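Visitor: Sequence and predicted model, in that order:
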Amino acid sequence: MRNRKMRTAVVGAGKMGAIHAKVYDRLPQSDFVAVVDIDAKKAKRLAKKYNTEAFTDCADILGKVDAVTIATPTGSHVELAKVFIENNIAVMIEKPLAVDVQEGRRIVELAREKNSLVAVGHSERCNPVVQAMKRLNIEPKFIEASRISPYPFRSTDIGVVLDVMIHDIDIILSLASSEIVKVDAVGVSVIDEKEDICNARIVFENGCIANITASRLALKTERKVRVFSRQAYLSVDYFKKSGTIIKADPNIDVVKKIRELKKAGKFELLKTKWSDLLHIEKLEIDDKEPLRFEQEAFLRSVADRREKPEVSAEEGLAAMECAERILASIRKHKWD
């Protein structure tokens with residue numbers, strides 16, 4: 001399988017399905033062969049665009065594909081994934097993995113039982129900014145993430161935690177790399193029954209603390225994270241794909257000088273801007289499309305099982321479990 005193209009397909013001809021189809025069609029290691037959607041017109045329209053076949057039933061592509069991306073409403077993930085897992089076809093499921101932890105566990109357990117590959121489409125993990133952070137290999141002590149935007153008029157079947165905050169949950173879990181000790185959260189429902197705004201505080205076993213805010217009722221779009229560690233301070237903007245890093249080592253002499261002046265009572269001699277004293281670097285970022293990076297990693301893992309997808313089913317489930325604890329805390333602290 002390593003020496004030939006992967007036969008790929010997309011299940012779901014909506015917005016996300018169309019985006020995945022576009023990437024599959026362009027990847028040299030992909031032979032994009034099918035689009036599946038219960039709406040025949042949608043399936044045919046998308047399939048025609050990429051000169052491939054259209055189907056309305058997943059059973060019709062069994063034996064014809066090596067890898068499938070499921071980009072349908074969250075409630076359908078478990079049943080669709082089951083069809084492919086049981087037929088040993090690799091699956092990438094758009095985030096979140098499932099509608100709840102129970103269904104997420106069903107997917108993970110079935111994949112283990114059948115020794116099938118399942119990845120989760122947390123594309124923000126593939127954002128060049130996140131990959132740049134990953135390369136620094138830092139040990140965070142405090143993480144602050146904010147992800148806000150105007151109302152998107154989509155994904156109304158789930159609240160802001162599973163729709164938006166799940167991205168930051170996944171990234172924070174990968175950065176903290178520790179068990180969760182405590183979760184506190186508050187959320188507000190404005191448009192629908194599901195929460196539209198949420199703030200959560202997560203405490204990890206290794207002492208790291210994360211504070212996350214998500215809203216889909218903001219007046220602007222903002223996706224930022226700040227990471228504090230012994231090695232460095234990071235300020236990152238996912239939306240602008242930019243970041244700033246202040247490392248500890250190059251600034252030791254500055255800190256030492258400030259301490260000496262303060263001890264000598266000559267603090268006023270340091271007549272300069274704080275920023276002028278620091279060694280500040282721009283984060284080195286590769287300008288690579290996140291979804292392309294994600295699908296390339298997925299197809300590499302399909303071709304060679306020794307390779308790993310960027311986000312495994314187990315990691316997708318861990319994000320779901322954390323999200324469920326946040327939702328439970330929201331219910332506990334529900335506003336009157």
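Guide: Happy to help now that I have it. It should be emphasised that the depicted structure is a prediction, and the values quoted were computed from it without experimental measurement.
Visitor: Contacts only, for the closest residue to T221 other than its chain neighbours.
Guide: Spatial nearest neighbour of T221, chain neighbours left out: S149 (4.4 Å); criterion: C-beta to C-beta, 6 or more residues apart in numbering. Backbone N, C-alpha and C define where each C-beta goes, glycine included. Contacts here follow C-beta atoms under 8 Å, 6 or more residues apart in numbering; on that basis S149 touches V164, S215, R216, A218, K220, T221, E222.
Visitor: Which of these are buried, as a PyMOL select command?
Guide: Selecting only the buried entries of the contacts of S149 in PyMOL, with 16 or more other C-beta atoms under 10 Å as the criterion:
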select buried, resi 164+215+216+218
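Visitor: out of the contacts of S149, which one sits closest to G187?
Guide: Nearest to G187 out of those is S215 (C-beta to C-beta; 9.9 Å).
Visitor: Next one: that closest one from R226, what distance?
Guide: Counting by C-beta to C-beta, to the nearest Å, the gap from S215 to R226 is 17 Å.
Visitor: and what of V186?
Guide: 21 Å.
Visitor: Same question for L173.
Guide: From L173 across to R226, the span is 17 Å (C-beta to C-beta).
Visitor: Compare the two and say which is more crowded by neighbours.
Guide: L173 (19 against 16; other C-beta atoms under 10 Å).
Visitor: Please list all residues in contact with I191.
Guide: Here I191 is in contact with Y151, L217 (C-beta under 8 Å, 6+ apart).
Visitor: Do you know the pLDDT at it?
Guide: Per-residue pLDDT puts I191 at 87.
Visitor: backbone phi and psi for it, please?
Guide: Main-chain dihedrals, I191, degrees, to the nearest 10: phi -80, psi -40.
Visitor: With F84 instead?
Guide: Note on F84: its backbone torsions stand at phi -80, psi -40 [degrees, to the nearest 10].
Visitor: before we move on, what about P140?
Guide: Dihedral angles for P140 - degrees, to the nearest 10 - are phi -70, psi 150.
Visitor: which residues pair with it across the strands?
Guide: P140 has these beta-bridge partners by DSSP bridges: S229.
Visitor: just checking, it touches F228?
Guide: Yes: at 6.7 Å, P140 counts as touching F228 under the criterion of C-beta atoms under 8 Å.
Visitor: okay, those two: which has more neighbours?
Guide: P140 (26 against 15).
Visitor: Surely R106 forms part of a strand?
Guide: No: using DSSP: H, G, I helix; E, B strand; the rest coil, the assignment for R106 is helix, not a strand.
Visitor: How confident was the prediction at it?
Guide: At R106, pLDDT is 97.
Visitor: Name the nearest residue to it, ignoring sequence neighbours.
Guide: V78 (5.7 Å).
Visitor: Confirm that neighbour sits in a helix?
Guide: Yes: V78 sits within a helix when classified using three-state DSSP.
Visitor: So it sits against A98, correct?
Guide: Yes: taking contacts as C-beta under 8 Å, V78 lies within contact range of A98: 5.4 Å.
Visitor: Please enumerate the shared neighbours of those two.
Guide: Contacts common to V78 and A98, judged by C-beta under 8 Å, 6+ apart, are R106, I107.
Visitor: what residue ranges in the stretch 151-300 of the chain are flagged as low confidence?
Guide: By pLDDT under 70, the weakly predicted segments of the stretch 151-300 of the chain are 155, 248-255, 257-258, 261, 266-278.
Visitor: now do 50
Guide: For the stretch 151-300 of the chain, no stretch has pLDDT under 50.
Visitor: Helices of that one, residue ranges please.
Guide: 160, 166-176, 252-263, 274-277, 290-303 (DSSP state H, counting those that start in this stretch).
Visitor: and these, which is most packed in?
Guide: helix 160 (a mean of 26; mean count of other C-beta atoms under 10 Å).
Visitor: Now do the contacts for Y50.
Guide: So Y50 contacts A21, K22, D25, F32, V35 (C-beta under 8 Å, 6+ apart).
Visitor: Is the last one in contact with K22, as I believe?
Guide: I take that to be V35. No: the criterion here is C-beta under 8 Å, and V35 misses it with K22 at 11.5 Å.
Visitor: The two: who's more crowded?
Guide: V35 (29 against 16).
Visitor: and the gap between that one and I326?
Guide: 35 Å.
Visitor: Give me the domain ranges for the protein.
Guide: What automatic domain parsing lists as the domains of the chain is 6-122, 126-289+321-332.
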